[in-house]
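Asker: Turn this into a model:
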Amino acid sequence: MAGHSKFKNIQFRKGRQDKLRSKLFSKLSRDITLAAKTGLPDPKDNARLRLAIVAAKAESMPKDNIDRAIKKAMGGETDTYEEIRYEGFGPGGVGLIVEVLTDNRNRAAANVRTIFGKNGGAMGETGSVAFMFDRVGRIVYPLKAATEDAMMEAAIEAGAQDVESDEETHTVYTAFEDLGAVVEALDAQLGAPKSTALVWRPKSGTPVSGDPAATLLKLFDALDDDDDVQMVFSNEEIDEAELERLSA
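Answerer: Residues are numbered from 1 along each chain as shown. Just a heads-up that it's a prediction; the model follows:
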């Protein structure tokens, strides 16, 4: 298991996304509703719903909002949402995977294509980027939850694949199919995680700096701002000093 993060820029983008609080809650509610609609409405019997609720709580989403999202699915008061994955390339040849949850496939495709085109990117065919990533589970704990050694030991016992620690968090990676079981095992030892999700983890990074890096960050912002876009993953590597300069 590795002990340190190679892709710290994900946290940078996460911080930017957190500022869009109302839109973030809307996206989380949609994910809860879909999970409840496609399975049982009780999180004890629905692993996907359980994970969606954990993710919502990690963003301090009120319990009333969570309950309302579940009731919306139970009452049939919801549109038919479709999960779609788009792949493409950003400035500097960076690979991007965009996960969308939408009730209008044509609108979503047109919007994502336009965002790529206006921000130095280009849409690709399905599979043109995904091979650069692994589909895995990700569990994040605050640094205070455990020492690096204790987190590593707990993760190994829980059946995780990898742990990366930095100055703020411990990030545990699991096999796609093991996420639910590992979350439950770690919860029993360390308490509830800060967040859980199924993610696309880069196998290697693509260095980018200067104007391409600046344009890439604008591309991230535009995608995050789209109501249909749920998650964005990329394999960019931006030097820490460059990242601070761009975010100033």
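Asker: And the nearest residue to Phe233 once chain neighbours are set aside, its phi and psi?
Answerer: The shortest distance from Phe233 to any non-neighbouring residue, by CB to CB, 6 or more residues apart in numbering, is to Trp200 (4.1 Å). The C-beta positions use only the backbone N, C-alpha and C, and glycine is treated the same way. Backbone torsions for Trp200, taken as degrees, to the nearest 10, come to phi -100, psi 110.
Asker: again with Gly137
Answerer: Per degrees, to the nearest 10, the backbone of Gly137 is at phi -90, psi 150.
Asker: Quick check: it vs Lys57, distance?
Answerer: 17 Å (CB to CB, to the nearest Å).
Asker: So between those two, which is more surrounded?
Answerer: Neighbour count, other CB atoms under 10 Å: between Gly137 and Lys57, Gly137 has more, with 24 against 17.
Asker: correct me, but the more buried one touches Trp200?
Answerer: No - if you go by CB atoms under 8 Å, Gly137 and Trp200 don't touch, sitting 11.3 Å apart.
Asker: For the residue lying farthest from the centre of the chain, give me its contacts.
Answerer: Distance from the C-alpha centroid of the chain, by CA atoms, centre = their mean, peaks at Gly75 (28.0 Å). Under the criterion of CB atoms under 8 Å, 6 or more residues apart in numbering, Gly75 has no neighbours.
Asker: separation between Leu40 and Ala47?
Answerer: 10 Å.
Asker: Okay, strands next: where are they in the protein?
Answerer: 82-89, 95-102, 122-124, 133-142, 162-165, 169-175, 195-202, 206-207, 229-234, 236-237 (DSSP state E).
Asker: and the last one, what does it pack onto?
Answerer: Contacts defined by 3 or more CB pairs under 8 Å, 6 or more residues apart in numbering; DSSP states H and E place strand 236-237 against strand 206-207.
Asker: packing partners for the strand it packs on?
Answerer: strand 236-237.
Asker: thought Arg52 was touching Ser29?
Answerer: In this structure residue 52 is Ala, not Arg. No - at 9.4 Å, Ala52 does not count as touching Ser29 under the criterion of CB under 8 Å.
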